[in-house]
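In: when you get a sec, could you give me coordinates for this:
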Amino acid sequence: MTNAQPDAQRTVVPIEPSLLIAEAFNQAQVTELRHSVTSCAHAAGLGGQRLDDFVLAVNELITNAVRHGGGQGWLRLWRQSEHLFCEVSDHGHGISTQRLDDRSRPAADTAGGWGLWLARELSDSMAVDTGEGGTTVRISTAVTTPRPTARHPHD
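Out: Below you'll find the model as predicted:
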């Protein structure tokens, strides 16, 4: 770059400013990946019941990817502003429109069909992009990081 000024300040805008995990997985890695999600989500400010709910929702998505999406998947976890996002993709044959549109709770004696319902119930938002080439599900939850309390100078 011949026209660049050596002392000019540069602004670097990362493509993904707070990417925490980007990892391919298969059945053998589900438990390890769930532990990684738990650690990263906690470090990103999620705690208590919200952490437990989010991790359970993610676990349902990665289990679905392995079970219904060709035995493997891809997970991305990131924090953006005051939200934590998780996206799970697979290369299965997609989810039927009927299944996606059914938002009713599965019957208590139903062995399967709980994954998407649980993920939707346990997260603040859920979006699904599905087709013959696979499925991507993105969930999010609000992160409430405790702010330090102001201290009085005489305390």
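
In: switch to C-alpha atoms for all contacts and neighbour counts from now on
Out: Noted.

In: hey, where'd the strands end up in the protein?
Out: 19-26, 72-80, 83-90, 125-131, 134-142 (DSSP state E).

In: tell me what angle the last one forms with strand 72-80.
Out: In this case it means strand 134-142. If you take axes from the mean of the first three to the mean of the last three Cα atoms, to 10 degrees, strand 134-142 sits at 30 degrees to strand 72-80.

In: pairing partners for strand 134-142, with directions?
Out: Within its sheet, strand 134-142 is paired with strand 83-90 (antiparallel), strand 125-131 (antiparallel), according to DSSP bridges.

In: want to throw those strands into CSV with mean pLDDT and distance to Ser104?
Out: Putting these into CSV (pLDDT from 0 to 100; distance: least, Cα to Cα, whole Å) gives the following:
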stretch, mean pLDDT, distance to Ser104
strand 83-90, 97, 22
strand 125-131, 96, 15
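
In: and the lengthiest helix in the chain, what's its mean pLDDT?
Out: The longest helix of the chain (DSSP state H) is helix 48-68. For helix 48-68, mean pLDDT is 96.

In: right, and Leu61 touches Trp114 too?
Out: No: Leu61 is beyond contact range of Trp114, at 10.3 Å (criterion: Cα atoms under 8 Å).

In: please identify the buried residues of the least confident helix or strand in the chain by mean pLDDT?
Out: Between all helices and strands in the chain, the lowest mean by mean pLDDT, DSSP states H and E belongs to helix 97-101, at a mean of 85. Neighbour counts using 16 or more other Cα atoms under 10 Å place no residue of helix 97-101 among the buried ones.

In: and it, what does it pack against?
Out: Using 3 or more Cα pairs under 8 Å, 6 or more residues apart in numbering; DSSP states H and E, no helix or strand is in contact with helix 97-101.

In: per-residue pLDDT, Arg10?
Out: Confidence score, pLDDT, at Arg10: 53.

In: cool, and Thr149?
Out: Per-residue pLDDT puts Thr149 at 46.

In: one step back: just name the most buried of the strands of the chain.
Out: Comparing the strands of the chain by mean neighbour count (mean count of other Cα atoms under 10 Å), strand 83-90 ranks first with a mean of 23.
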